[in-house]
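*Asks:* attaching a predicted model along with its sequence, questions to come.
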Amino acid sequence: MTTARRAVGRPGNGANSPAPVDIWWWLTTESAHPEDASLLTATELAAAARLPRDRRGDAIGGRAAVRRILGRLLEVPPGQIEFGRRPCPGCTEDGHGPPYVRHPGTDLWISISHTRGCGLLAVADHPVGVDVEHQRRTRSADVAPKAMTPAENAYLRAIPEPEARNGAFLRCWTRKEATLKAVGIGIITDLSSLETLPADPGPVVIRTTVPGAPTRWETSDLPLPTPYVGSVAHASPSASPSPELLLHPYRHPH
């Protein structure tokens, strides 16, 4: 994976190379910058207000980061960007499929993820999904038996050190969630039906069976700072070369 800055939507290095997948990551704090809130809509501010007090600034700062990045890419003021939801590939209804940029019009696909203190934005010219989790806030022992495949659970049980086991669990979890966000259905499906091959450093191919969506997804772990674990997934037809993954650290402008 390359850490670099590059314009989204450019063709790949060769005539048959796919355009890259760009991923931005950033760190947030409990206190949002005063200018961040001015970029958000009333709906976004209301959603942040419903969160516990110590998470509101984090949510506002993360949403402002998404708007600033997309505003720079699409050459519009961040506050003028409008978001919508594509139809759900599972039920075809509007309102709860993957997010997209409604204004300005663009063919790019996006995916957004955040956890306390860290956020991700992926942009590509094909379906893409990202997920980030905080390693110290996970109860893997409670979740793993129901969310992991038998092979994944066996792999986790064989790791004696709790912190390493928790990190391996999150590698499985973020690979699953990134894939399902790329599909467009989120984690409403049975997570134990997705095999993530945790012993493989990746990228790994994860297969899904949602009608109307690609079935083959290439999923890669992201080199994020401790204590964060993240993954990105993108549609991967078997006959096509893999796109380059470009990871960009985002810094608040103030």
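*Replies:* Okay, I see it.
*Asks:* now the helices for the stretch 1-150 of the chain?
*Replies:* With DSSP state H, counting those that start in this stretch, the ranges of helices along the stretch 1-150 of the chain come out as 34-37, 42-49, 53-74, 140-147, 150-157.
*Asks:* now render those helices as a markdown table, adding distance to Thr196, mean neighbour count and mean pLDDT.
*Replies:* For the C-beta atoms, the positions are set from N, CA and C on the backbone; glycine is no exception. Shown next, in a markdown table, are the helices of the stretch 1-150 of the chain (distance: least, C-beta to C-beta, whole Å; neighbours: other C-beta atoms under 10 Å; pLDDT from 0 to 100):
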| stretch | distance to Thr196 | mean neighbour count | mean pLDDT |
| --- | --- | --- | --- |
| helix 34-37 | 34 | 15 | 92 |
| helix 42-49 | 30 | 13 | 96 |
| helix 53-74 | 26 | 20 | 95 |
| helix 140-147 | 11 | 14 | 83 |
| helix 150-157 | 6 | 16 | 95 |
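*Asks:* now for those, which one comes closest to Ala124?
*Replies:* Closest approach to Ala124 among these (C-beta to C-beta): helix 53-74, 11.9 Å.
*Asks:* between helix 42-49 and the closest one, find me the angle.
*Replies:* Helix 53-74 and helix 42-49 meet at an angle of 150 degrees, taking axes from the mean of the first three to the mean of the last three C-alpha atoms, to 10 degrees as the criterion.
*Asks:* got any ranges where the stretch 51-200 of the chain has weak pLDDT?
*Replies:* For the stretch 51-200 of the chain, the stretches with pLDDT under 70 are 90-93, 95, 137-139, 187-188.
*Asks:* one more time with 80
*Replies:* The model of the stretch 51-200 of the chain has pLDDT under 80 over residues 88-96, 136-142, 185-190.
*Asks:* can you give me the strands in the protein?
*Replies:* Remark: strands assigned in the chain by DSSP state E are 2-3, 21-27, 82-85, 99-103, 109-115, 118-124, 128-134, 204-207, 216-222, 228-235, 245-249.
*Asks:* so which of the ones you listed gets nearest Pro160?
*Replies:* Comparing these against Pro160 with C-beta to C-beta, the closest turns out to be strand 228-235 (19.5 Å).
*Asks:* and that closest one, what does it pack onto?
*Replies:* strand 21-27, strand 109-115, strand 118-124, strand 128-134, helix 162-183, strand 216-222 (3 or more C-beta pairs under 8 Å, 6 or more residues apart in numbering; DSSP states H and E).
*Asks:* now what about the second one, what contacts it?
*Replies:* Which is strand 109-115. The contact list for strand 109-115 (C-beta atoms under 8 Å, 6 or more residues apart in numbering) reads 28, 58-59, 62, 66, 70, 98-101, 119-134, 137, 177-178, 181-182, 228, 230, 232.
*Asks:* picking up where we left off before, nearest approach to Asn166 belongs to which of the helices of the stretch 1-150 of the chain?
*Replies:* Asn166 lies closest to helix 140-147 among the helices of the stretch 1-150 of the chain, at 5.0 Å (C-beta to C-beta).
*Asks:* tell me the residue furthest from the middle of the chain?
*Replies:* Distance from the C-alpha centroid of the chain peaks at Pro160, with 29.2 Å (C-alpha atoms, centre = their mean).
*Asks:* now mean neighbour count and distance to Ala42 too, for the helices and strands packed on strand 228-235, in JSON lines please.
*Replies:* Converted to JSON lines, the helices and strands packed on strand 228-235 look like this (neighbours: other C-beta atoms under 10 Å; distance: least, C-beta to C-beta, whole Å):
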{"stretch": "strand 21-27", "mean neighbour count": "23", "distance to Ala42": "24"}
{"stretch": "strand 109-115", "mean neighbour count": "22", "distance to Ala42": "19"}
{"stretch": "strand 118-124", "mean neighbour count": "25", "distance to Ala42": "21"}
{"stretch": "strand 128-134", "mean neighbour count": "25", "distance to Ala42": "26"}
{"stretch": "helix 162-183", "mean neighbour count": "23", "distance to Ala42": "26"}
{"stretch": "strand 216-222", "mean neighbour count": "21", "distance to Ala42": "32"}
